[in-house]
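Trainee: I would like the atomic coordinates for the input below:
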Amino acid sequence: MSKVAVLGMGAMGSRMAAALLRADYQVTVWNRTADKTSPLVEAGAKAAQTPRAAVEEVDFAVCMVRDDAASHSVWLDSETGALASLPGRAVAIESSTLSVAWVQELAGHFQAAGKALLDAPVSGSRPQAEAAQLIYLVGGDTGRVAKAEPILKVMGGTVHHAGPLGSGAAVKLAINALLGVQVAVMGELIALLRRYGIDEARAVEMIGATSVCSPAARGAASAMAARNYAPLFPSALMEKDLGYLQEMAAEHGTRAPLAQAARSVFGEAMGQGYGEENMTGVVQLYWPGP
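Mentor: Numbering: from 1, shown residues only. The predicted structure is shown next:
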């Protein structure tokens, strides 16, 4: 069975590593704060002190971290970066939600080192990761995608090849922008109807019964009405992703004004102290308190 390193033991990476262990892969895990590796070690994984040590003998190296800066540190840190010790036969799978510009820059480093990289962000959150039903959006060489597909299907239910390196990141940012716009507008609409005197749960029921309401918007609105802000997808991460989309739009000479408006809402939520709560917490901008 293949040897796999999973770099980053956050909500997603830890569940991805658990899925690999259940499928009997030999798994090595690393996290910036080592205590988060303990549950995986108890389940049968090995823990490494650095990303560089984690990937020394692997066939695949999966990275799932917060942002561009964290990805840069994992792969390229001069003392602990994983790229330097990644075996030539291995395929690196960068599953973090990153900017397209950084993915393409990282691809250049891999090419210069003669090593293989896929950008493979996922659609889905903790429940989908728990159930190994993530949707993979993969950018990279067709042959490398085929080589990695069996391991991706251990962690996810569907694998889409989006195109060359950077394509996975571009599609993921578009998906998150669509989600962010819906969540932002649902927050203001539900709060507005409440101000008008309509019970928010009743408002969600009526809006959710129409064909214009997506399942994602319906779920977000239900969480808002229930005051459920448990962090499945924090506002700070949504603001980050919308910022990356803005950078992509600017690089290609176009605009994304609705995404920019949604980003400002999530930025305001961060400023009010709601950044690490779930993105549904933006509704608190309009009805603070219980």
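
Trainee: switch to C-alpha atoms for all contacts and neighbour counts from now on
Mentor: Fine.

Trainee: the closest residue to Ser73 other than its chain neighbours: what's it in contact with?
Mentor: In space, and not counting its chain neighbours, Ser73 is closest to Gly81: 6.4 Å by C-alpha to C-alpha, 6 or more residues apart in numbering. If you count contacts by C-alpha atoms under 8 Å, 6 or more residues apart in numbering, Gly81 has them with 50-52, 73-75.

Trainee: give the buried subset of those residues as a ChimeraX selection command.
Mentor: To isolate the buried ones among the contacts of Gly81 in ChimeraX, judged by 16 or more other C-alpha atoms under 10 Å, type:
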select :50,51,52,74,75
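
Trainee: dump the contacts of Gly81 into a markdown table; add distance to Glu247 and secondary structure as well.
Mentor: Shown next, in a markdown table, are the contacts of Gly81 (distance: C-alpha to C-alpha, whole Å; DSSP: H, G, I helix; E, B strand; the rest coil):
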| residue | distance to Glu247 | secondary structure |
| --- | --- | --- |
| Thr50 | 31 | coil |
| Pro51 | 28 | helix |
| Arg52 | 30 | helix |
| Ser73 | 21 | helix |
| Val74 | 22 | helix |
| Trp75 | 22 | helix |
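
Trainee: list just the nearest of the contacts of Gly81 to Leu86.
Mentor: Distances from Leu86 to these, taken as C-alpha to C-alpha, are shortest for Arg52 (7.5 Å).

Trainee: quick check: the closest one touching Thr80?
Mentor: Yes: using C-alpha atoms under 8 Å, Arg52 is in contact with Thr80, at 5.2 Å.

Trainee: could I get the full set of helices for this structure?
Mentor: 11-22, 38-42, 51-54, 68-76, 100-113, 126-130, 142-155, 167-196, 200-208, 215-225, 235-251, 257-271 (DSSP state H).

Trainee: quick one: which of those helices is nearest Asp119?
Mentor: Closest among those, once you apply C-alpha to C-alpha, is helix 167-196, at 5.9 Å.

Trainee: now the most centrally placed residue in the chain: closest residue in space, sequence neighbours ignored.
Mentor: Nearest to the geometric centre of the chain sits Thr97, at 4.6 Å (C-alpha atoms, centre = their mean). Among residues not flanking Thr97 along the chain, Pro121 sits closest, at 5.8 Å (C-alpha to C-alpha, 6+ apart).

Trainee: residues contacting the closest residue to Gln104 other than its chain neighbours?
Mentor: Excluding the flanking residues, the one nearest Gln104 by C-alpha to C-alpha, 6+ apart is Gly166, at 5.9 Å. The neighbours of Gly166, taking C-alpha under 8 Å, 6+ apart as the test, are 100-101, 103-104, 119, 139-140.

Trainee: what of Val282?
Mentor: Here Val282 is in contact with 184, 187, 235, 265-266, 269, 274 (criterion: C-alpha under 8 Å, 6+ apart).

Trainee: please apply the same query to Ala184.
Mentor: Per C-alpha under 8 Å, 6+ apart, neighbours of Ala184: 262, 265-266, 282-283.
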